[in-house]
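*Asks:* Model the structure of this input:
(one chain, ligands or ions: 1)
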Amino acid sequence: MKAGVIGHPIAHSKSPLIHGHWLGQYNIKGLYRAIDIAPENLKDGIKQLVDEGYDGFNVTVPHKQSIMQYCDDINETACAIGAVNTVVIKDSKLYGQNTDAYGFIQNIKSSKPEFYFKNKTAFVLGAGGAARAVVYGLIEEGVSRIYLSNRTKETAQELGQMSDIIEVVEWNKRETVLQSMDLVVNTTSLGMVGKPPLDMDLTALKYGALVHDIVYAPLMTPLLSEAQDKGYEIVSGIGMLLHQARPAFKAWTGIMPEVTDALVKKVLA
Ligand code: ATR
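*Replies:* Presented below is the predicted three-dimensional model:
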């Protein structure tokens, strides 16, 4: 396997560690590199990867949308989400996919196997790139209703066009819908190291609800701490990062890798 992750900056990426771990675990010869490509060099940077015989690459900030113009094919999921995070190169052609929705759903399923999405009501905070994947995943899993709240209302309204089960909630009224939510997902960057916490009192949240934060640094965000203290089920964000990497590894090697405790420990170290 010859693969990597392209982004700018890219030094912080955990992907080389994850894929490197799997290459070792499954005894596959190969490499997975972090490749810094500035936006203005994207076209040439990709051409170089094709010329060097790469099997594909992951795509991160700021290229997830701009890569789409260079793909020969984009699958249905990536089209609906509006971003590509995984590219497979075959016969010098680029096939774009998006595995973020899969990563989000699989993380919850593997952490809370007893949680069923069907006919549930979900509350998504944020309307950026991550939110688009989260909302797409929830729709695919058959939730009956999605409430969506974002600081910039227009972005939420735009994402709301993905499905008529989505209802936009004013940002300053976000606490008012909590009583009927089965699942709350923070996709904003609030709660991340160096950012203020997501200011939301969970007192009114429905009994038994599941609270998920896609922020994983810190692992235990203020939102998750509060949810846990109040007796709600919680799922942290690190699993989304690990699970979204699995279909990419499979696309390049044919092997669907597992997320083991050893891998989680390594990534959190
Ligand atoms: P990602 O790809 O991780 O989703 P993004 O597209 O930059 O990143 O989206 C970041 C999200 O966090 C957005 O929903 C953003 O809200 P805006 O659309 O209003 O910018 C949200 N966000 C970031 N900082 C925020 C803050 N201080 N208060 C509220 N929301 C914030």
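*Asks:* Leaving out chain neighbours, which residue sits closest to L183?
*Replies:* A122 (4.3 Å; CB to CB, 6 or more residues apart in numbering). Heads up, the C-betas are built off the backbone N, CA and C, glycines and all.
*Asks:* Neighbouring strands - and their directions - for the strand or helix carrying the one you found?
*Replies:* Following DSSP states H and E, one finds A122 within strand 121-125. Strand pairing for strand 121-125, using DSSP bridges, gives strand 145-149 (parallel), strand 183-186 (parallel).
*Asks:* Pipe those into CSV and attach mean pLDDT and mean neighbour count per row.
*Replies:* Output for the strands paired with strand 121-125, formatted as CSV (pLDDT from 0 to 100; neighbours: other CB atoms under 10 Å):
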stretch, mean pLDDT, mean neighbour count
strand 145-149, 98, 22
strand 183-186, 98, 26
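*Asks:* Distance to the ligand added to these, as TSV?
*Replies:* As requested, those are exported to TSV (distance: least, CB to the nearest ligand atom, whole Å):
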stretch	distance to the ligand
strand 145-149	9
strand 183-186	9
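*Asks:* for the helix or strand following the strand holding A122, packing partners?
*Replies:* Heading C-terminal from strand 121-125, the first helix or strand you meet, by DSSP H and E, is helix 129-140. With contacts defined as 3 or more CB pairs under 8 Å, 6 or more residues apart in numbering; DSSP states H and E, helix 129-140 has these neighbours: helix 76-81, helix 100-111, strand 121-125, strand 145-149, helix 153-160.
*Asks:* who's in contact with the first one?
*Replies:* Yep, that's helix 76-81 we're talking about. Under the contact criterion CB atoms under 8 Å, 6 or more residues apart in numbering, helix 76-81 has outside partners 68, 84-85, 96-98, 100-102, 132-133, 136, 162.
*Asks:* let's go with 6 Å and repeat that
*Replies:* Outside of helix 76-81, the residues within contact range by CB atoms under 6 Å, 6 or more residues apart in numbering are 84, 96-98, 132-133, 136.
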